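# Give me a 3D structure for the following:
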Amino acid sequence: MGVTAKLLKGTLYARGLRLGELDGYERLIAGIYGRPDRVPIVLQPYTYAMAMHGLSARRFFTEPGPFINASRNMAVYFGADSWSPVFDFYNIELDALGQKLIWRENSEPDVDTREPLIAAEEDLRRLKPPVPGKSGRMPYVIEAYKRYMDVMGIPPMAYACSPFTMAVLIRGYVNFLRDMRRNPAFAHRLLEFLSMEVVVPWIDRMVEATNTAIVVMSDAWASAPNMTVQMVREFCLPYVEKVIRATNSAMRTVMDSGSWGEKDVADPREILDIKMDMLTPGNSLKALRPFFLLVWNEDYEAVGIPRIRAYAEEKDVCLMLNIRPDLIEEGPVERIVENVVKVIREGAGKGRFALLLNLVPVGTPVEHAHVAVAALKQFGRYPVGGLEPRAFRMPSFRPFDEWLRAEGLPVD
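The predicted structure is shown next:
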């Protein structure tokens, strides 16, 4: 079945027309638009896949084949409904611009904050836009997305760094904070350049290569307490809207979903409203867009899931929550199950809900990840009810090395 047919099937299922069993992708679509058979589970394999396959960071973040095959193996091994080909997406455009990165053996590369590419205002005048898809590691991303399509038969969810977070990384946090306060004209020039000369052409190139339906910008630095709400509204949101207006189409949704900080403000709605404004500005056909409101465990544990769930229902948007990565790492099994049950009980509602396993820490016992997925599948069936953690049935699974030899894709 082609991707268009899958989209249609998932959307119709969400609205009550049940045309057969759902596969993982269809379940995710149904969960975004309404009520699926059970809560969809999205996995970000990331560095956990790298470590489980014995890959170095250099190989995992520069070679498309090992990156995609290792990531796919983890998703299949744990039984996730959907998975994202997540690399160090904050760095790709920066790398293409010439920003120096620090490479570590067992983790993703990071920006070398000792040598910001824009150390002074005049550096911006000398900066040349990257060649979309050709500069830095952009070819790695394009080829990885193509391999994802070969393996999965559907386009990937594509990722870009937002202009605001890119400006913080390329300029340095303290420097850019000073720019916003003392030299706002320069801050806006930098954001305009990054938006229209870097992010927009890069999104266009990814879409050209994959025909993806969803592009997600992430905006970690546009978050409390890093920035005030006023700063985000003045220096971030206008450029999110510019990028969306320049890259959206009837068949494509571009949005920004990477902010956080509900627990760090007096009224969590201030941050939730910003998140909605990161999804919807410049979007036509809003009712047809596959939006999801992503809230991280640090925030929903402090604010309370029911409060966030009520907001998502008010805005008529899918709520996506993650399961605490440190809990999956540390366990024990009973606490993982109890946490999964709590999140489902308070968050699942009558639909428009999805759960994310993100950034599973390197060294996490595979048993713990299997337990998290199994608990989500067991307790996440609609209509949600009768959630008794003591009724959890421990799944059986093969050791990873044994499974890899029999069913995994090669990484060498």
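# Who are the contact partners of the closest residue to Phe397 other than its chain neighbours?
Distances taken as CB to CB, 6 or more residues apart in numbering put His370 closest to Phe397, at 5.1 Å, once the chain neighbours are dropped. C-beta: built from backbone N, CA, C; applies to glycine. Contact analysis of His370 by CB atoms under 8 Å, 6 or more residues apart in numbering lists 78-79, 395, 397.
# Dump those residues to JSON lines, plus distance to Ile274 and secondary structure.
Shown next, in JSON lines, are the contacts of His370 (distance: CB to CB, whole Å; DSSP: H, G, I helix; E, B strand; the rest coil):
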{"residue": "Phe78", "distance to Ile274": "33", "secondary structure": "helix"}
{"residue": "Gly79", "distance to Ile274": "34", "secondary structure": "coil"}
{"residue": "Pro395", "distance to Ile274": "39", "secondary structure": "coil"}
{"residue": "Phe397", "distance to Ile274": "41", "secondary structure": "coil"}
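# out of the residues you listed, who has the most neighbours?
When neighbours are taken as other CB atoms under 10 Å, the top entry among the contacts of His370 is Phe78 (22 neighbours).
# what's the spacing between that residue and Ala70?
Here the distance between Phe78 and Ala70 works out to 13 Å (CB to CB, to the nearest Å).
# before we move on, what about Leu101?
21 Å.
# now do Val366
With distances taken as CB to CB, Val366 is found 14 Å from Ala70.
# So the two - more neighbours on which side?
When Val366 and Ala70 are compared for neighbours, Ala70 comes out ahead with 26 against 18, by other CB under 10 Å.
# which other residues reach the helix or strand hosting that one?
If you go by DSSP states H and E, Ala70 is part of helix 64-78. For helix 64-78, contacts defined as CB under 8 Å, 6+ apart pick out 43, 45-46, 48-50, 52-53, 55, 59-61, 82-83, 85-87, 140, 143-144, 146-148, 151-152, 357, 366, 369-370, 373, 397, 400, 403-404, 407-412.
# mean confidence score for it?
Taken as a whole, helix 64-78 carries a mean pLDDT of 98.
# List the buried residues in it.
Buried positions in helix 64-78, judged by neighbour count with 16 or more other CB atoms under 10 Å: 64, 66-78.
# Torsion angles phi and psi at Leu319?
Note on Leu319: its backbone torsions stand at phi -100, psi 130 [degrees, to the nearest 10].
# ok, it - contacts?
The contact partners of Leu319, by CB under 8 Å, 6+ apart, come to 292-293, 295, 308-309, 312, 347, 349, 352-354.
# can you rerun that using 6 Å?
Residues in contact with Leu319 (CB atoms under 6 Å, 6 or more residues apart in numbering) are 293, 309, 312, 353.
# do the same with Arg352
When contacts are counted by CB under 6 Å, 6+ apart, Arg352 touches Cys318.
# Mind doing that once more with 7 Å?
31, 34, 312, 317-319 (CB atoms under 7 Å, 6 or more residues apart in numbering).
# Please apply the same query to Glu121.
Here Glu121 is in contact with Phe186 (CB under 7 Å, 6+ apart).
# Based on its surroundings, how many neighbours for Leu127?
By other CB under 10 Å, 17 other residues sit near Leu127.
# Next, it: phi, psi?
Backbone torsions of Leu127, given as degrees, to the nearest 10, read phi -80, psi 130.
# Return the residues in contact with the closest residue to it other than its chain neighbours.
Leaving out its chain neighbours, the residue that sits closest to Leu127 by CB to CB, 6+ apart is Leu97, at 6.6 Å. By CB under 7 Å, 6+ apart, the contact list for Leu97 reads 117, 127, 130, 170, 198.
# Could you look up the SS state of the fourth one?
Translated: Ile170. What DSSP: H, G, I helix; E, B strand; the rest coil gives for Ile170 is helix.
# That one and Thr47, how far apart?
The spacing between Ile170 and Thr47, counted by CB to CB, is 23 Å.
# Tell me which residues are up against stretch 284-303.
For stretch 284-303, the surrounding residues in contact (CB under 7 Å, 6+ apart) are 32, 214, 250, 253, 255, 257, 260-263, 268, 275, 279-280, 283, 308, 312, 317-322, 324, 354.
# and the residue lying farthest from the centre of the chain, helix, strand or coil?
The centre of the chain is farthest from one residue, Glu122, which by CA atoms, centre = their mean lies 34.1 Å away. Three-state assignment for Glu122 (three-state DSSP): helix.
# mind checking how far it is from Arg189?
Per CB to CB, Glu122 is found 12 Å from Arg189.
# What of Tyr382?
Tyr382 sits 50 Å away from Arg189, going by CB to CB.
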